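1. what follows is a protein structure lacking sequence information:
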């Protein structure tokens with residue numbers, strides 16, 4: 001897949017064609033499904049880790065904790081399990097609808113203690129509805145899944161010892177995964193996890209998270225908005241820049257100052273323009289605030305495109321949980337067309353495109369949440 005061409009086309013005003021079949025909701029792993037055993041003391045509990053991160057809450061798979069564009073969930077999960085885990089060492093494919101695994105073979109030589117969760121994708125699921133706009137959404141979805149796993153590890157006090165986003169693959173085949181997270185018990189851990197500033201969520205908070213239905217109204221308090229921006233900035237590892245478009249009482253675009261306070265980047269109302277850029281989602285014009293991750297210039301190569309989109313998805317996932325901790329409702333917004341934020345603010349065109357967003361409000365639709 002030519003990712004450079006795909007992103008340029010996704011950013012264009014071209015509209016997707018008619019829907020096509022999405023195919024199976026889960027990768028057809030070979031062999032019989034196996035239950036995930038409960039972890040014993042001293043073992044990495046993969047059953048709980050996956051339950052808190054990727055497992056579906058209903059048979060249709062719509063209520064998986066990790067958000068996905070159109071609830072299509074293109075991300076596939078493989079496990080490379082070493083010693084010290086609730087599963088015997090080996091390679092496994094994970095079925096999030098049934099919360100089961102399929103053994104694929106023995107673990108590779110030299111597999112470290114603990115487990116590596118590898119994330120790849122089946123593009124057909126997202127392409128079926130979004131057509132040529134699917135490729136950046138697939139990367140964002142993978143970043144969200146990585147964020148869900150990272151938070152689950154933190155909640156279990158077994159945070160990942162390494163987080164690798166941008167493995168290089170994109171077609172869900174046997175190539176390198178798009179993202180990989182290694183988990184191990186504390187006494188076996190090596191390395192330092194990212195996003196140290198994120199408050200550790202509880203298991204209940206992770207199971208309860210949902211994307212709120214629009215409209216999302218009510219301007220977030222300044223301290224809450226500052227915390228959400230700080231979380232996104234910390235989690236993106238300098239791959240993405242962040243700001244927020246705020247509504248009433250004084251519409252403006254704000255970012256983080258070096259001392260951690262909010263500073264004005266521009267005055268004026270940006271939300272109607274954002275609504276037009278976000279595939280014409282009119283409700284965004286009335287949203288309390290919109291967190292925006294931007295960068296990834298028009299001349300970005302494939303590795304940079306992967307890195308910025310994976311990091312943006314990862315960061316928005318963590319920011320969404322941080323927003324909920326501050327009493328805010330949120331909904332990720334991933335599809336952006338002609339969204340050259342830098343040019344709109346008077347900077348040279350083609351440098352600072354919106355990559356991902358998170359709509360925020362103090363209230364949401366009474367119809368419920370997704």
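-> Structure's in. What do you need? Everything quoted here is computed from the prediction, not taken from an experiment.
2. for the helix or strand in which residue 316 is found, packing partners?
-> The secondary structure element spanning residue 316 is helix 302-325 (assigned by DSSP states H and E). Using 3 or more CB pairs under 8 Å, 6 or more residues apart in numbering; DSSP states H and E as the contact criterion, the secondary-structure elements in contact with helix 302-325 are helix 3-10, helix 134-155, strand 160-165, helix 203-208, helix 222-235, strand 289-295, strand 329-333, strand 353-361. Any C-beta I mention is one placed from the backbone N, CA and C, and that applies to glycine too.
3. check which residues of it are buried.
-> When burial is assessed from 16 or more other CB atoms under 10 Å, helix 302-325 yields the following buried residues: 302, 304-324.
4. least confident of the helices and strands packed on helix 302-325, on average?
-> Mean pLDDT per stretch puts strand 160-165 lowest among the helices and strands packed on helix 302-325, at a mean of 76.
5. quick check: angle from the helix holding residue 316 to helix 134-155?
-> For the pair helix 302-325 and helix 134-155, the angle between their directions (axes from the mean of the first three to the mean of the last three CA atoms, to 10 degrees) equals 50 degrees.
6. quick one: mean pLDDT for helix 302-325?
-> Over the span of helix 302-325, the pLDDT mean works out to 96.
7. between it and helix 222-235, how big is the angle?
-> 150 degrees.
8. how far off centre is helix 302-325?
-> Relative to its chain's centre, helix 302-325 lies at 5 Å (CA atoms, centre = their mean, to the nearest Å).
9. also stretch 30-46?
-> Between the mean C-alpha point of stretch 30-46 and the mean C-alpha point of its chain there is a distance of 25 Å (CA atoms, centre = their mean).
10. low pLDDT regions in the chain?
-> By pLDDT under 70, the low-scoring segments of the chain are 1, 59-62, 158-159, 166-175, 186-198, 366-370.
11. who touches the residue nearest the centre of it in this structure?
-> Against the mean C-alpha coordinate of the chain, by CA atoms, centre = their mean, the closest residue is residue 144 at 1.7 Å. Contact partners of residue 144, counting by CB atoms under 8 Å, 6 or more residues apart in numbering, are 66-68, 313-314, 316-317, 332.
12. from the residues you listed, pick the one nearest residue 275.
-> Checking those against residue 275 by CB to CB gives residue 332 as the nearest, at 15.2 Å.
13. got phi/psi on residue 364?
-> When read as degrees, to the nearest 10, the backbone of residue 364 gives phi -150, psi 180.
14. test my guess that it contacts residue 213.
-> Yes: Residue 364 is within contact range of residue 213, at 6.0 Å (criterion: CB atoms under 8 Å).
15. tell me which of those two has more neighbours.
-> A direct count of neighbours by other CB atoms under 10 Å for residue 364 and residue 213 places residue 364 higher, at 24 against 16.
16. next, the contact list for that one, please.
-> Residues in contact with residue 364, defined by CB under 8 Å, 6+ apart, are 212-217, 329.
17. next step: these restricted to strands.
-> residue 329 (DSSP state E).
18. point out the ones among the contacts of residue 364 that are inside helices.
-> For those, membership in helices holds for none, with DSSP state H as the criterion.
19. which residue is the nearest non-sequential neighbour of residue 335?
-> Leaving aside its sequence neighbours, residue 335 sits nearest to residue 279 (CB to CB, 6 or more residues apart in numbering; 4.5 Å).
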